[in-house]
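> Quick one, structure for this:
(chains A and B)
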Amino acid sequence: MQALVIAAHGSHLNPDASDPTYAHADTVRETGAFDEVREAFWKEEPHFREVIRTLESDEVFVVPLFISEGYFTEQVIPRELRLEEWDPEKWDSDGTSASQVTLEAEDVGKTIHYCGPVGTHDAMTDVIVQRAESVTEDPDVGEVSASGDAEARRSISDGGFGLTVVGHGTERNENSAKAIEYHTERIRETDRFDEAKALFMDEEPEVDDVTDYFDTDDVVVVPLFIADGYHTQEDIPEDMGLTEDYRLGWDVPSEVDGHRIWYAGAVGTEGLMADVILERAADAGADIGDAVESVREATGLEAGAEPEPNAEPGD
Amino acid sequence: MTATPASVEALLEAVDDDGAVAFDGFRVERAADGYALETPDEEWTGLAADDLADALEPLSDYVTNWRYWQRSVSGEGTARRAFLRWCERAPLEVETDRKTTADETTDEPVATHPSIDAPLSVPERYDALRDGLDREWGQLCLTARLVDDADDDPVGERVYDLWHVDDADSDLADLEVYDDPRDAREIATYDEDGRYRPLKTAPTLPSGWAFTGLSGGELVETVEFFYPATVANWHRELQGTLDVDHWTETAERQTGIYDVLDELPREGVEWMAEACCVDSQCLRRREWEFDEDDELDVDGGDGPFPCREPCSLVVAAARKWTILESEQERTYELELTASEYNQLAALIDAVAEGRTDEIREADVNDGANRYRARYLRAKRFDEEGNLEARRVDD
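Numbers count the residues shown, from 1 in each chain, chains lettered A, B, ... in the order given. You can find the predicted model right below:
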């Protein structure tokens, strides 16, 4: 038997913080790829500390639903899971390349495949692009001539789309910025968007000045965050000038300095995230059959899905 | 024929494969002189195959009981199986690491655990299961019952229903009925007033819902969405393998913003346990102490499932108290009437007991009444909105 544990932050204050975790876990459950699927949290229950003992499987794949390699993935989760002989060196990572390491959890005697965070997996690049497709309701966003949507073609025909991936910034951890830049570079290499740029909340180049960095009329802004909360639903929209006050909401797209800003909200809420979770586990040796294909099919762009800005404060 | 051919066939196959089947006081064995059959009440030996089938006819409860547990539930040694056994008061097949105080000559394991009462025999259980056998798990009421037998064909499969203890006497038609365990997550997220419940074992689970017709696996899954990890830790406690992390271990393990936790004074830990870890606030029974050899004075409570270490809410609150307790105590001088002094105590008490909502609008006799509090504020606060007082110790 094999089990999947999705390890996320959760919140004591905001009931919505765990919604993406539950949603992605349910998507994986539907595939039947794992005998058991569990959500586990730092601030909710089951806690990291007690999740492994709830499983009957001997082989457990733990995928951190975090953006970057850092404090939580390197210290908190391994410690709380009681991963014997864990050392961040075992990931042998340059900051974005952690794949997995196989260890024992000392309280349960099970084999734990401790995977790198979802945020640094290559498949995450696809999720960012899909997020851009979702928010513009255009599966061909950026690919001007390819768009089947006449309306979309018209609105973007005067210069294509720019895309920015927005991160928290370095703060305590330089890997945080590395993950943002990594995906931005991968998107840039596809040439799908006229411009691709990494922006940050607390360091240069700052998201506040988003319009300074783009020549395109249309700019999709995708924050590389797991859940919507304070940063993605209050700070960033106000900083970019989408709204005076987050409580009033904002339009998608919003006009700012002559640009149309398509603000996507946290990328982690995109259904395709379940695919990244599966890929992480598969990279670590999980036998998941055709689950990746079925998830990609199930979480494909839903035409007409209206992205609604909500304003739930996070902690 | 009362016993289904399918159950009996499966049983005979198992006897042929393994030579014998013994389960819950029921035993069938293939010997040189034919089959031997045994229940707690009767014994047969030297039966030919046909005679065995005849003898099994009135024993269909034993046969289907064997099949349900050994074939449908299986999972020997798992918490899931132990929990489902507990649900119908079947003897628990728990292997203990340490000796229990139970008489070792009897087959009754872990008789000392508070959740365990006298086990029922197979006929007693079947009688009870026909009506539905109720158990309580925190604020959950669990009912185990036999699937309605179609065509007089007893299969002995169990199904389980689950609702709030407050709804035990409610009409099912008045409850919101669910059958997907995952729906429990949403129910458990908010209390009756729609407020977020960050602590799943807080005694604030809303009522008005029911899960019906769950399989054993689904029941455990649902219970675990309501009260995560409680089944696993209960099972460990039964086995004597509950790994308790006391306060000092938990505090010293912390890093980052929680690194300060080991500076909370011992008496602060005591007050914290009294504030957070009692039955009125959490259904878990606190098993952790200040240290392995240093018990807290506060009672750990009577919950059915153990609390094996300070939870994340306690850790987060302890950080706040650690920072607050690092402040020096001062002496203040302020003018209050005796009644105003008592009113301060009444206000603190009302908030601590969570009863501010219950105080009637016009009940000005209650010191925690809103008008009384507003009057006190108008009288005793200065222009900056602080309680008027003078510090006298410097």
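
> How much space separates the residue lying closest to A:Glu143 once chain neighbours are set aside from A:Val220?
In space, and not counting its chain neighbours, A:Glu143 is closest to A:Arg192: 5.8 Å by Cβ to Cβ, 6 or more residues apart in numbering or on different chains. All C-beta spots, glycine's among them, are computed from the backbone N, C-alpha and C. Separation of A:Arg192 from A:Val220 (Cβ to Cβ, to the nearest Å): 11 Å.

> Run through who's touching stretch A:250-257.
A:135, A:210-211, A:218, A:237, A:240-243, A:260-263, A:307, A:309 (Cβ atoms under 8 Å, 6 or more residues apart in numbering or on different chains).

> okay, how far is it across that stretch, tip to tip?
Across stretch A:250-257, the terminal residues are separated by 15 Å (Cα to Cα, to the nearest Å).

> That one: which residues count as buried?
Buried residues in stretch A:250-257, defined by neighbour count with 16 or more other Cβ atoms under 10 Å in any protein chain shown: A:Trp250, A:Val252, A:Pro253, A:Ser254, A:Val256.

> B:Leu37 is in what secondary structure piece?
B:Leu37 is located in strand B:34-38, with elements delineated by DSSP states H and E.

> pull the CA atoms of the helix or strand that that strand is followed by into CSV?
Sequence order places strand B:43-47 as the next helix or strand after strand B:34-38, per DSSP H and E. Extracted C-alpha coordinates of strand B:43-47, given in CSV (Å, rounded to 0.1, in the frame of the first residue of the first chain):
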residue,chain,number,x,y,z
GLU,B,43,-19.3,-28.7,20.9
TRP,B,44,-19.5,-31.2,18.1
THR,B,45,-16.8,-33.6,16.9
GLY,B,46,-16.4,-36.2,14.2
LEU,B,47,-18.7,-34.4,11.8
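
> outside of strand B:43-47, which residues touch it?
B:Ala31, B:Asp33, B:Gly34, B:Tyr35, B:Ala36, B:Leu37, B:Glu38, B:Asp51, B:Ala55.

> make it 10 Å
B:27-38, B:51-56 (Cβ atoms under 10 Å, 6 or more residues apart in numbering or on different chains).

> for chain A, what helix or strand is lowest in average pLDDT?
helix A:150-156 (a mean of 50; mean pLDDT, DSSP states H and E).

> First-to-last residue distance for stretch B:200-217?
Taking Cα to Cα, stretch B:200-217 runs 21 Å from one end to the other.

> May I see the buried residues of it?
B:200-202, B:204-207, B:209-211, B:214-216.

> same check, this time on stretch B:330-344
Result for stretch B:330-344 [16+ other Cβ under 10 Å]: buried residues B:Leu336, B:Glu340, B:Gln343.

> so who does the residue nearest to the spatial centre of chain A touch?
By Cα atoms, centre = their mean, chain A has its centre lying nearest to A:Gly268, at 3.5 Å. Residues counted as contacts of A:Gly268 (Cβ under 10 Å, 6+ apart) are A:8, A:19-21, A:23-24, A:65-67, A:118-119, A:124, A:127, A:131, A:223-228, A:232, A:276.

> swap in A:Glu104?
Residues near A:Glu104 by Cβ under 10 Å, 6+ apart: A:Arg82, A:Leu83, A:Glu84, A:Glu85, A:Lys110, A:Thr111, A:Ile112.

> now those residues in a markdown table, with secondary structure, pLDDT and distance to A:Val37?
Compiled in a markdown table, the contacts of A:Glu104 are given as follows (DSSP: H, G, I helix; E, B strand; the rest coil; pLDDT from 0 to 100; distance: Cβ to Cβ, whole Å):
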| residue | secondary structure | pLDDT | distance to A:Val37 |
| --- | --- | --- | --- |
| A:Arg82 | coil | 94 | 21 |
| A:Leu83 | strand | 93 | 20 |
| A:Glu84 | coil | 85 | 24 |
| A:Glu85 | coil | 90 | 26 |
| A:Lys110 | strand | 93 | 15 |
| A:Thr111 | strand | 95 | 17 |
| A:Ile112 | strand | 96 | 15 |
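
> Filter the buried residues of stretch B:200-217 to keep only those in contact with chain A.
Subset of the buried residues of stretch B:200-217 in contact with chain A: B:Lys200, B:Thr201, counting by Cβ under 10 Å from any Cβ of the partner chain.

> Sort out which of the buried residues of stretch B:200-217 are in strands and list them.
In this view, those that belong to strands under DSSP state E are B:Trp209, B:Ala210, B:Phe211, B:Leu214.

> quick one on the thing from earlier: would you agree the residue nearest to the centre of chain A falls within a helix?
Yes. Assigned with DSSP: H, G, I helix; E, B strand; the rest coil, A:Gly268 falls within a helix.

> In space, what's closest to it - neighbours in sequence excluded?
A:Ile226 (3.6 Å).

> which SSE is the one you found in?
Using DSSP H and E, no helix or strand contains A:Ile226.

> Could you check how many residues crowd around it?
Neighbourhood size, A:Ile226 [other Cβ atoms under 10 Å in any protein chain shown]: 25.

> Quick check: phi and psi at it.
Taking degrees, to the nearest 10, you get phi -80, psi -50 for the backbone angles of A:Ile226.

> what separates it from B:Cys277, distance-wise?
With Cβ to Cβ as the criterion, A:Ile226 and B:Cys277 are 31 Å apart.

> Kindly report the same for B:Arg197.
From B:Arg197 to B:Cys277 the distance is 16 Å (Cβ to Cβ).

> In terms of neighbours, single out the busier of these two.
The neighbour comparison of B:Arg197 against B:Cys277 (other Cβ under 10 Å) goes to B:Cys277, with 22 against 16.

> Report the separation between that one and chain A.
15 Å (Cβ to the nearest Cβ, to the nearest Å).

> got a list of what that residue touches?
By Cβ under 10 Å, 6+ apart, the residues touching B:Cys277 are B:284-286, B:288, B:296, B:298-301, B:307, B:310-311, B:314.

> Mind doing that once more with 6 Å?
By Cβ atoms under 6 Å, 6 or more residues apart in numbering or on different chains, the contact list for B:Cys277 reads B:Arg286.

> And it, what's its pLDDT?
If you check B:Cys277, the pLDDT there is 97.

> Kindly report the same for B:Thr106.
Predicted confidence (pLDDT) for B:Thr106: 43.

> B:Asp171 too?
Taking B:Asp171 on its own, its pLDDT is 93.

> for A:Asn175, same thing?
What the model reports for A:Asn175 is a pLDDT of 86.

> can you put the buried residues of stretch B:330-344 in CSV and add secondary structure, distance to B:Arg374 and pLDDT?
Shown next, in CSV, are the buried residues of stretch B:330-344 (DSSP: H, G, I helix; E, B strand; the rest coil; distance: Cβ to Cβ, whole Å; pLDDT from 0 to 100):
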residue, secondary structure, distance to B:Arg374, pLDDT
B:Leu336, coil, 16, 97
B:Glu340, helix, 13, 98
B:Gln343, helix, 12, 98
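
> No further queries at this time; thank you.
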